[in-house]
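# Attaching a predicted model along with its sequence, questions to come.
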Amino acid sequence: MQAIRSILVVMEPGQTEGLALKRAKLIAGVTQSQLHLLVCDKKHDHSAFLNDVATSLQQEGFTVSSQQAWHENLHQTIIAVQQAEGCGLVVKQHFPDNPLKKALLTPDDWKLLRYCPGPVLMVKTEKPWRGGTILAAVDVGNSDGEHRTLHASIISHGYDIAGLAEGELHVISAHPAPMLSAADPTFQLKETIEARYREQCRAFQAEYDISDSRLHIVEGPADVLIPQIAHQLQAAVTVIGTVARTGLSGALIGNTAEVVLDTLESDVLVLKPDEIIAHLEELVAQQHA
């Protein structure tokens, strides 16, 4: 995270100190990143609002730039600006449509998480980060190159957030239940699956310095278990990754992204491997060619 030079903060007009800006300031205070404020609107002029916020941030010692823009819809606007400004992180607050849909992400939030060529922090709660638990979700059983690189990124971002929030990093890894139909007999017995998984986890723990008390190995579907453990630990932020080429529309750590992200009662940082980011950058370039 120290490498982030510029953070794109999606601003809501009239909200001088929204949650997105609060989180961005906390990160920028440690990483010395520039804050780039963006209002997405094509109808009204928000330059006075942006100037006011930028001025007060500058007085607090932050380096700030700002703009108002609109390209077809909200997520495309954010992505176009993220690419043009070279921002290494996008921070956006999730605004529920109505109380019943409080947790459910809006279509624009979804598309931003899916297609943005870079990390996105979706701020879902008012829970302060300071002193909180940071939960990193990894799929230890998947040790191919792409997953290994993504794991390294998830854990490193997790440690960075825990550091700046003066919190503690915990890691969850869900593993499959025994399958009687599995071709490999070791996948048919609960004990052998558990033993094999623990073995993989030991190597992982040694590599990333994760103590037993901070590692949560649970059996079952990740889409159910990640929100459950996040709830139990009262996590302030959950860090997850996706390895699908189309972003989150495919596999998210082998499971349904929608369920995980909608049911999490924490802020969510979504990461993608470099090759997916390159693929998404090409798509953005084609749209704006």
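Nice, thanks for sending it over. Computed from a prediction, not measured in an experiment: that's the story for all the values here.

# least trustworthy helix or strand in the chain by mean pLDDT?
Every helix and strand of the chain was ranked by mean pLDDT, DSSP states H and E. The lowest is helix 257-263, at a mean of 75.

# Quick one: mean pLDDT for whichever helix or strand comes after it?
Toward the C-terminus, helix 257-263 is succeeded by strand 267-271 as the next helix or strand (DSSP states H and E). Averaging pLDDT along strand 267-271 gives 93.

# which outside residues touch strand 267-271?
Residues from elsewhere that reach strand 267-271 (C-beta atoms under 8 Å, 6 or more residues apart in numbering): 23, 113, 119-125, 127, 129, 150, 153-154, 157, 161, 236-242, 248, 261. Bear in mind the C-beta positions are built from the backbone N, C-alpha and C, glycine included.

# Would you mind getting the angle between the helix or strand following that strand and strand 267-271?
Next helix or strand after strand 267-271 toward the C-terminus (DSSP H and E): helix 274-287. Here helix 274-287 runs at an angle of 90 degrees relative to strand 267-271 (axes from the mean of the first three to the mean of the last three C-alpha atoms, to 10 degrees).

# list the helices and strands helix 274-287 packs on?
Helix 274-287 sits against helix 74-85, helix 107-115, with contacts defined as 3 or more C-beta pairs under 8 Å, 6 or more residues apart in numbering; DSSP states H and E.

# Nearest to residue 43, out of the ones you listed?
helix 74-85 (13.1 Å; C-beta to C-beta).

# And that closest one, how far out from the chain middle?
17 Å (C-alpha atoms, centre = their mean, to the nearest Å).

# buried stuff in that helix?
Buried residues in helix 74-85, counted by 16 or more other C-beta atoms under 10 Å: 74-83, 85.

# Just send the residues you listed back as CSV, with distance to residue 46 and pLDDT too.
CSV is the format used below for these (distance: C-beta to C-beta, whole Å; pLDDT from 0 to 100):
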residue, distance to residue 46, pLDDT
74, 15, 94
75, 19, 93
76, 19, 94
77, 13, 96
78, 15, 97
79, 20, 95
80, 17, 95
81, 14, 96
82, 19, 96
83, 21, 94
85, 17, 95
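
# Show me the shaky parts of the stretch 51-200 of the chain.
Filtered on pLDDT under 70, the stretch 51-200 of the chain yields the residue ranges 97-103, 176-191.

# ranges for the helices of it?
Residue ranges of the helices in the stretch 51-200 of the chain, as given by DSSP state H, counting those that start in this stretch, are 74-85, 107-115, 145-164, 190-208.

# starting at the chain centroid, how far to the last one?
This points to helix 190-208. 25 Å.

# Run through the neighbouring helices and strands of that helix.
Under the contact criterion of 3+ C-beta pairs under 8 Å, 6+ apart, helix 190-208 touches strand 168-175, strand 215-219.

# Next, count neighbours for residue 106.
When neighbours are counted by other C-beta atoms under 10 Å, residue 106 registers 15.

# list the contacts for the nearest residue to residue 14 once chain neighbours are set aside?
Leaving aside its chain neighbours, residue 14 sits nearest to residue 49 (7.1 Å; criterion: C-beta to C-beta, 6 or more residues apart in numbering). Residues near residue 49 by C-beta under 8 Å, 6+ apart: 11, 13-14, 16, 39.

# just the buried members of those residues?
Neighbour-count burial (16+ other C-beta under 10 Å) is assigned, among these, to 11, 13, 39.

# Cool, thanks, signing off.
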